[in-house]
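*Asks:* Pasting the sequence and the predicted model now:
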Amino acid sequence: MPNAENKPNLHIMCTMIGIYSGMGHFTEAETLYLKLKSSGVTLDMIGFSIVVRMYVKSGSLKDACRVLQIMEKQKDIVPDIYLFRDMLRIYQKCNMQDKLANLYYRILKSGVTWDQEMYNCVINCCAHALPIDELSKIFDRMLQRGFAPNTITFNVMLDVYGKAKLFKKVKKLFWMAKTRGLVDVISYNTIISANGQNKDFKKMSSTVREMQFDGFSVSLEAYNCMLDAYGKEGQMEKFRSVLQRMKESNCASDHYTYNIMINIYGERRWIDEVAAVLTELKECELGPDLCSYNTLIKAYGIAGMVEDAVGLIKEMRGNGIEPDKITYNNLITALRKNDKFLEAVKWSLWMKQMGT
């Protein structure tokens, strides 16, 4: 056992770690932490907070998570509101949804007093980790206690309500955000998407005009939402009109734009149009991505071009893109639709062998 007299002083070392972190000297800061760790010194809550923030500032989120794992084993450590917020942000950035849900309920049990920043942080970080009813309760409680949601919080709630098809809540929330001057381009994108999902095309168009009236340019995301909505409803004249407006406004397409076009044209068996989109996609700097290939396989299956669909698997791998479960499912569906049952069985067995 190390001599207690030779052990480094926890508070001095943590102060130095904080200073080094503030100066951007993360190697020196980490060296001090590792010295504390190897010497058998047990960190307190403040010590864990400093080390966690050191790793977050340095961009080492995995190391921050490792430190939090060590902290969780010490049952006597109760995080304060600041460390709880750091933990929420770390788990969100690492997409650790189960950790976020567990942490939320732990925060509730801890008895810590929530402030405005805590409400905003919990909603922003836990939007995909908690049931929508629970998230709605948090938001309502925030308003009841007189705290002000920020623009990000409004946008998160708009997105959650929109995807849940709670369009009345979307409308009410958007109005609330607008009256508070907290609407931005993301807010408009979310409303346009929600109107498209609700097939309220009149409202979708009026929101685009309102967006421009308020001084915002129509974003690529808004154009993509309109393309997807019009295309899925077969309103091809309006679909083409949106594409023309994109060209006139010099709005460059992204992968999502091209993939929407491939999907819409493919569903209608417009293979010449699919080929034209694919050519354009290959000629630009983007090139097909995983979603592009998955959508193409589906389109070729609908058009009866099963050999082309199978050939895309080889092309994907040649381009360094590994097929996923959706790829194989789309291919198997394409084979079955075209009476290639033996081939479909072979690919199904292949999926099982690969553990896909």
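*Replies:* The structure has been received and is ready for your questions.
*Asks:* and the host helix or strand of residue 30, C-alpha only, in PDB?
*Replies:* Using DSSP states H and E, residue 30 falls within helix 26-38. What follows is helix 26-38, C-alpha atoms only, in PDB (Å, rounded to 0.1, in the frame of the first residue of the first chain):
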ATOM      1  CA  PHE A  26      -4.700  18.500 -21.900                       C
ATOM      2  CA  THR A  27      -1.700  16.100 -21.900                       C
ATOM      3  CA  GLU A  28      -0.400  17.700 -18.600                       C
ATOM      4  CA  ALA A  29      -3.900  17.700 -17.100                       C
ATOM      5  CA  GLU A  30      -4.400  14.000 -17.900                       C
ATOM      6  CA  THR A  31      -1.000  13.100 -16.500                       C
ATOM      7  CA  LEU A  32      -2.000  14.600 -13.200                       C
ATOM      8  CA  TYR A  33      -5.300  12.700 -13.200                       C
ATOM      9  CA  LEU A  34      -3.600   9.400 -14.000                       C
ATOM     10  CA  LYS A  35      -1.100  10.100 -11.200                       C
ATOM     11  CA  LEU A  36      -4.000  10.600  -8.800                       C
ATOM     12  CA  LYS A  37      -5.600   7.400 -10.000                       C
ATOM     13  CA  SER A  38      -2.500   5.300  -9.800                       C
END
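*Asks:* Can you give me the buried ones in it?
*Replies:* Across helix 26-38, burial judged by 16 or more other Cβ atoms under 10 Å covers 26, 29-30, 32-33, 36. Where C-beta positions appear, they are placed from N, C-alpha and C, glycine not excepted.
*Asks:* Between those residues, which sits nearest residue 155?
*Replies:* Using Cβ to Cβ, residue 26 is the member of the buried residues of helix 26-38 that sits closest to residue 155, with 32.3 Å.
*Asks:* The closest one is in contact with residue 53, isn't it?
*Replies:* No - using Cβ atoms under 8 Å, residue 26 is not in contact with residue 53; the gap is 11.1 Å.
*Asks:* returning to that earlier point: give me the packing partners of the helix or strand following the helix holding residue 30, helices and strands only.
*Replies:* Using DSSP H and E, the helix or strand that follows helix 26-38 in sequence is helix 45-58. Under the contact definition 3 or more Cβ pairs under 8 Å, 6 or more residues apart in numbering; DSSP states H and E, helix 45-58 sits against helix 10-23, helix 26-38, helix 61-73, helix 81-93.
*Asks:* what's the strand or helix carrying residue 241 in contact with?
*Replies:* Residue 241 belongs to helix 236-248 when assigned by DSSP H and E. Outside helix 236-248, the residues that touch it by Cβ atoms under 8 Å, 6 or more residues apart in numbering are 201, 218, 223, 226-227, 230-231, 253, 257, 261, 264, 268.
*Asks:* got the buried residues for it?
*Replies:* Neighbour count says helix 236-248 has 238-239, 242-243, 246 buried, by 16+ other Cβ under 10 Å.
*Asks:* about what we covered before: which of the buried residues of helix 26-38 sits closest to residue 10?
*Replies:* Nearest member of these to residue 10, counting by Cβ to Cβ, is residue 36, at 6.9 Å.
*Asks:* Look at the closest residue in space to the closest one that isn't next to it in sequence and say how many residues are nearby.
*Replies:* Distance criterion Cβ to Cβ, 6 or more residues apart in numbering; nearest residue to residue 36, sequence neighbours excluded, is residue 13 at 5.4 Å. When neighbours are counted by other Cβ atoms under 10 Å, residue 13 registers 20.
*Asks:* list the contacts for residue 13?
*Replies:* Per Cβ under 8 Å, 6+ apart, neighbours of residue 13: 32-33, 35-36, 41.
*Asks:* quick one on the thing from earlier: what about the helices and strands packed on helix 45-58, which gets the closest to residue 112?
*Replies:* That would be helix 81-93 among the helices and strands packed on helix 45-58, by Cβ to Cβ, at 5.2 Å.
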